[in-house]
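> I'd like to go over a predicted model; first the sequence, then the structure.
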Amino acid sequence: MSQIGVIMGSDSDYKIMEEAVKVLRQFELDFEIKISSAHRTLERTVDWVKSFEAQGGKLIIAAAGLAAHLPGVVAGATTLPVIGVPLSSGALEGIDALYSIVQMPPGIPVATVGIGAARNAALLAVQILAIQDESLSIKIKAYRAQMLMDIEKKDEALQKHFSNGN
């Protein structure tokens, strides 16, 4: 059973959403990934959402560019948490997608990350699931600790560089 569903409107979206997949694999989470369109395959999209929820799925990450209706359609078809990833595309380079996802009507929320921030969407998904999963909570805390150590190493290297008279 997959805990997380990842859905996007086109195969071209995968180059961005691959970052989410990498995070989900890093945290050893079961996930399912789907291409389905809010406009071109509406019924198929809603059927997948309902099936995912019925099978015990916990959370959905939905990515879309331009008018960005996919995250909203997904949220309208389920009570599971939905995280929207606006994608940079078209003349407005993702600003339209961001506004479309973040400005959902009252009663149908979609958590929204930055434009193209698939990695953050997956990390938010991990944090949400970690609320009820102690082993996942330990993993996300270790991930954060590693980030701190990485930054400290980079700062140390920078300080050495400048202390040598550069």
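Looks like it arrived, so ask away.
> tally of neighbours for residue 123?
By the criterion of other C-beta atoms under 10 Å, residue 123 has 21 neighbours. For the C-beta atoms, the positions are set from N, CA and C on the backbone; glycine is no exception.
> That one: what secondary structure?
helix (DSSP: H, G, I helix; E, B strand; the rest coil).
> Looking at strand pairing, list the partners for residue 5.
residue 32, residue 60 (DSSP bridges).
> Domain map for this protein?
4-132, 133-166 (automatic domain parsing).
> Distance from the chain centre to the shortest one, please.
Yep, that's domain 133-166 we're talking about. Counting by C-alpha atoms, centre = their mean, to the nearest Å, domain 133-166 is centred 23 Å from the centre of its parent chain.
> do the same with the longest one
From the chain centre to the centre of domain 4-132 is a distance of 6 Å (C-alpha atoms, centre = their mean).
> rewinding a little: reformat the domains of the chain as CSV; add mean pLDDT.
Formatted as CSV, those follow (pLDDT from 0 to 100):
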stretch, mean pLDDT
domain 4-132, 95
domain 133-166, 92
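> tell me the most buried of the ones you listed?
domain 4-132 (a mean of 19; mean count of other C-beta atoms under 10 Å).
> For that one, measure first residue to last.
14 Å (C-alpha to C-alpha, to the nearest Å).
> Check stretch 107-123 too.
For stretch 107-123, the end-to-end distance is 24 Å (C-alpha to C-alpha).
> which residues make contact with that stretch from outside it?
Outside stretch 107-123, the residues within contact range by C-beta atoms under 8 Å, 6 or more residues apart in numbering are 4, 16-24, 61-63, 71-72, 75-76, 81-88, 93-95, 97-98, 101-102, 104, 124, 140, 143.
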